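Engineer: fold the following for me, if possible:
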Amino acid sequence: MKIVIAMDSFKGSLTSMEAGQAVAQGIHRADANASILARPLADGGEGTVEALIQGMDGIRQTVTVTGPLGAPVVCEYGILKNGQTAVLEMSSAAGLTLVPKDKRNPLFTTTYGVGEAILDAIKKGCRRFLIGIGGSATNDGGIGMLQALDFDFLNREGKQIPFGASGLAQLCSIHTGHVPPELSECEFNIACDVTNPLCGELGCSAVYGPQKGATPAMVRQMEEGLYRFAVLAKSQFPKADPRLPGTGAAGGLGFAFLTFTNAVLESGVHIILSETGLEKDIQNADLIITGEGRLDGQTAMGKAPIGVARLAKKYGKPVLAFAGSVTREASLCNENGIDAFFPILRRITTLEEAMEPQNAKANLADTAEQAFRLWSLTAFS
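Structural biologist: Numbers count the residues shown, from 1 in each chain. Okay, here's the model as predicted:
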């Protein structure tokens, strides 16, 4: 019996690998001889670095960078065991959670720290980057990141424009003479699950600016600045296309990556599934197990467990899923490759008790054991 487990994290409770190991523990109670392979799973957002470090023998790195408000923050990223691939969540350097609510103003928040983290990894020998760009506090079009990588964004006096979206109003020229040559050797796989263009009614300023503290007047100012940036970039860099889906991701960081680096924007789940080689593991398995903290209608729209399920169905494999909780809309998961799912709560409890890691591990292991006992009866009857 060969079983592949790919669990997304139970956010605030269990990491991807902790959840997978709990499921494995429960199955081994029912069948000590089962061959189990637990693989990391994430969607490119929070938990991606942790999942790949734990699941692929990565090494955790820490570097002090410029945070979104300009003050130093400690950014964590991972270098995978080949020594060439860095895994980074931009939110660890420029995320909204790093900015107190009363200080949120995307006119001044910067992505400079993201570029500093990339530069640190380049200096350590990395040339491949897997970067999740969700959860940003910024709307600077990625110029902060590029400034950290020694692109020059200059005003009329030939000086660097200031941090944040407000600086875009002063932008007059872009120069690349100081960019380190190693950057041209790098490839960037950007986990991006939004399709917003850079500007317009569906652009980053209009759609995401208010979430980051922008007033209507700020939105108009940021829109004008990004349009100015896009026009200037297009005049010098043929790849620049602010209409492309995803260019508005993370306040225009998607546009910066596509225009100024060797980058592709992909589904976060697709990147992780490809990087971990899960498809090959699934081909040789008898049963696939996945899940996440909460299964609901959004899960069915393509979140990580559905990515696993669809890959499994490509090879006709049965799929079970476990979750901390499920909603009525979770039944849509059955139409998208998950054959059966199980909530793991076994008694009435508070949310705090349910999310306590030891309780979550025990509930997950106990539920997995019983579900596997039932599946074994039907599979070999």
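Engineer: may I have stretch 205-215 as CSV, with CA atoms only?
Structural biologist: The C-alpha coordinates for stretch 205-215 follow below in CSV (Å, rounded to 0.1, in the frame of the first residue of the first chain):
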residue,chain,number,x,y,z
SER,A,205,-4.6,51.0,-6.9
ALA,A,206,-8.3,50.8,-7.3
VAL,A,207,-8.9,47.3,-6.1
TYR,A,208,-6.3,46.8,-3.4
GLY,A,209,-5.2,50.3,-2.5
PRO,A,210,-8.1,50.8,0.0
GLN,A,211,-7.2,47.6,1.8
LYS,A,212,-3.7,49.1,2.4
GLY,A,213,-5.0,52.4,3.8
ALA,A,214,-5.6,54.5,0.7
THR,A,215,-8.3,57.1,0.5
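Engineer: now that stretch: average pLDDT?
Structural biologist: Stretch 205-215 shows a mean pLDDT of 95.
Engineer: give the buried residues for that stretch.
Structural biologist: Using 16 or more other Cβ atoms under 10 Å as the test for burial, stretch 205-215 gives 205-209, 212-214. From N, CA and C alone the C-beta is placed, and that goes for glycine too.
Engineer: any chance of those in CSV, plus distance to Q61 and secondary structure?
Structural biologist: Shown next, in CSV, are the buried residues of stretch 205-215 (distance: Cβ to Cβ, whole Å; DSSP: H, G, I helix; E, B strand; the rest coil):
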residue, distance to Q61, secondary structure
S205, 33, helix
A206, 36, helix
V207, 33, helix
Y208, 29, helix
G209, 32, coil
K212, 27, helix
G213, 30, coil
A214, 33, coil
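Engineer: which parts of the stretch 1-150 of the chain are helices?
Structural biologist: Per DSSP state H, counting those that start in this stretch, the stretch 1-150 of the chain carries helices over the ranges 16-30, 48-55, 91-94, 112-123, 143-148.
Engineer: pick the most buried one from those helices.
Structural biologist: Mean neighbour counts were compared across those using mean count of other Cβ atoms under 10 Å; the top stretch is helix 91-94, at a mean of 29.
Engineer: helices or strands next to that helix in the packing?
Structural biologist: strand 72-79, helix 112-123 (3 or more Cβ pairs under 8 Å, 6 or more residues apart in numbering; DSSP states H and E).
Engineer: for that helix, give the mean pLDDT please.
Structural biologist: In the prediction, helix 91-94 has an average pLDDT of 96.
Engineer: tell me the contacts of L88?
Structural biologist: 49, 75, 77-78, 114, 117-118, 121, 129-132 (Cβ atoms under 8 Å, 6 or more residues apart in numbering).
Engineer: once you drop chain neighbours, what's closest to it?
Structural biologist: Y77 (4.2 Å; Cβ to Cβ, 6 or more residues apart in numbering).
Engineer: number of nearby residues for the one you found?
Structural biologist: Neighbours of Y77 under the rule other Cβ atoms under 10 Å: 27.
Engineer: you'd agree it is up against L52?
Structural biologist: No: applying Cβ atoms under 8 Å, one finds Y77 not in contact with L52, separated by 10.2 Å.
Engineer: per-residue pLDDT, T378?
Structural biologist: T378 carries a pLDDT value of 78.
Engineer: and it, how close does it get to T138?
Structural biologist: Note on T378: its distance to T138, by Cβ to Cβ, to the nearest Å, is 51 Å.
Engineer: cool, E89 as well?
Structural biologist: From E89 to T138 the distance is 14 Å (Cβ to Cβ).
Engineer: rewinding a little: let's have the helices and strands packed on helix 91-94 in JSON lines, adding distance to K239 and mean pLDDT.
Structural biologist: Converted to JSON lines, the helices and strands packed on helix 91-94 look like this (distance: least, Cβ to Cβ, whole Å; pLDDT from 0 to 100):
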{"stretch": "strand 72-79", "distance to K239": "26", "mean pLDDT": "97"}
{"stretch": "helix 112-123", "distance to K239": "19", "mean pLDDT": "98"}
